[in-house]
Each structure stands twice: as C-alpha cells, then as structure tokens.
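Chemist: Sequence first, then the predicted structure, then my questions.
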Amino acid sequence: MTLAAKLRRAPLRLTTGAFILNSGLGKWAGGEEQAKGIHGMAAGAYPALQKMQPATFLRTLSVAEIATGAVLLAPIVPAGIAGVALTAFAGGLVGLYLRTPALHEPGGVRPTQDGIAIAKDVWMAGAGASLIIDAVTTRSKKKAPATD
C-alpha cells in the first residue's frame with residue numbers, strides 16, 4: 001500500500017476507530033440499568049437476543065466495539081478488512097434503527113426525535129463502505145496493465 005493511500009484513509013480510520021473504541025470502553029464497566037436499557041432496545045429489534053442476559057449482552061457489545069475500534073486504529077490491518085469490520089458493525093446499528101418503529105417516522109426512514117442519535121450511526125456504514133471501495137480500487141489499479 002502506498003503512503004498516499006495510508007494518509008488518505010488515516011482521518012477516517014482514526015475518527016471512527018477512536019469513537020467506537022471509546023464507546024466500547026464506556027460500556028465495559030456498565031451497570032445493570034445500562035445493560036437492561038441497551039439489551040432491551042437490541043432485543044426488541046433482534047428477538048434472538050432476548051435469550052441473552054443483559055449484563056452478558058452489554059459485555060459482548062463492549063468487546064465488539066473495542067475490537068472494531070482497535071481494528072480501525074491499527075495501521076497493520078488492511079483497509080479492506082477494517083472496512084468490512086466497520087460496515088458489519090454499522091449494519092447492526094442501522095438494522096436496529098430500521099427495526100425499531102419509534103426511532104423513525106411511520107412509513108419512512110426519517111428519524112423521530114428519539115431516533116436521531118441512532119440514525120446518525122449511518123455515517124459509520126458509509127465510512128466502512130468507503131474503506132472497502134478504496135481498498136478494492138487501489139488494488140485494482142496496481143494490477144491493471146500500464147497503458148500508453
């Protein structure tokens with residue numbers, strides 16, 4: 001990978017990675033009320049999570065956020081892999097938003113007042129997709145034969 005590609009991706013990786021890592025670290029020591037609140041919202045959107053204990057869910061979410069943030073911040077992790085991790089994580093959040101009717105206007109995707117905080121997570125999906133596209137197109141340029 002070229003220095004230009006690393007520099008081009010650095011702001012995106014640093015900002016999203018630091019944001020997600022901080023969120024995960026904040027949840028690591030989360031209390032019972034926080035665990036119940038976050039678990040309740042997630043289980044409402046993803047019914048399979050109802051079987052999980054709230055504290056276990058919060059700890060698992062924390063680990064997922066810490067891992068995703070670390071992957072983004074680690075320069076040795078290829079951009080495509082970091083992009084896939086970020087897109088997968090953001091996909092879960094966007095899914096939560098879309099599956100929770102109180103977060104968006106009826107019949108549409110525009111957020112309600114309660115949904116604004118989660119609707120903003122769509123930027124992470126865009127950032128992840130950008131990393132993937134940039135990695136794929138950069139790789140494609142390297143493999144393309146030179147033209148005169």
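Modeler: Yep, it's here.
Chemist: For the chain, just list every one of the helices.
Modeler: 3-28, 32-45, 54-73, 79-99, 116-119, 122-143 (DSSP state H).
Chemist: tell me the contacts of His104?
Modeler: Residues near His104 by CB atoms under 8 Å, 6 or more residues apart in numbering: 97-98, 110-112, 115, 119. Just so you know, the C-beta spots here come from the backbone N, C-alpha and C atoms, and that holds for glycine as well.
Chemist: what two of the residues you listed are the furthest from one another?
Modeler: Within the contacts of His104, Leu98 and Thr112 form the most distant pair, 12.9 Å apart (CB to CB).
Chemist: Quick check: closest non-adjacent residue to Ala42.
Modeler: Excluding the flanking residues, the one nearest Ala42 by CB to CB, 6 or more residues apart in numbering is Leu49, at 5.2 Å.
Chemist: Kindly report the same for Gly40.
Modeler: According to CB to CB, 6+ apart, the nearest residue to Gly40 is Pro54 (7.6 Å).
Chemist: Kindly tell me how buried the one you found is, as a neighbour count.
Modeler: As a burial measure, Pro54 scores 20 neighbours (other CB atoms under 10 Å).
Chemist: check contacts around Gln53.
Modeler: Neighbours of Gln53 in contact, by CB under 8 Å, 6+ apart: His39.
Chemist: Over to Phe89?
Modeler: Per CB under 8 Å, 6+ apart, neighbours of Phe89: 20, 64-65, 68, 124, 128.
Chemist: remind me which residues of the chain are low pLDDT?
Modeler: 1, 139-148 (pLDDT under 70).
Chemist: hmm, back to that, quick one: contacts for the residue nearest to Ala42?
Modeler: Residues in contact with Leu49 (CB under 8 Å, 6+ apart) are 39, 42-43, 57.
Chemist: Looking at the residues you listed, spot the one nearest Leu12.
Modeler: Ala42 (26.2 Å).
Chemist: The closest one contacts Phe57, doesn't it?
Modeler: Yes - at 6.7 Å, Ala42 counts as touching Phe57 under the criterion of CB atoms under 8 Å.
Chemist: Kindly tell me how buried Lys27 is, as a neighbour count.
Modeler: Other residues within reach of Lys27, judged by other CB under 10 Å, total 21.
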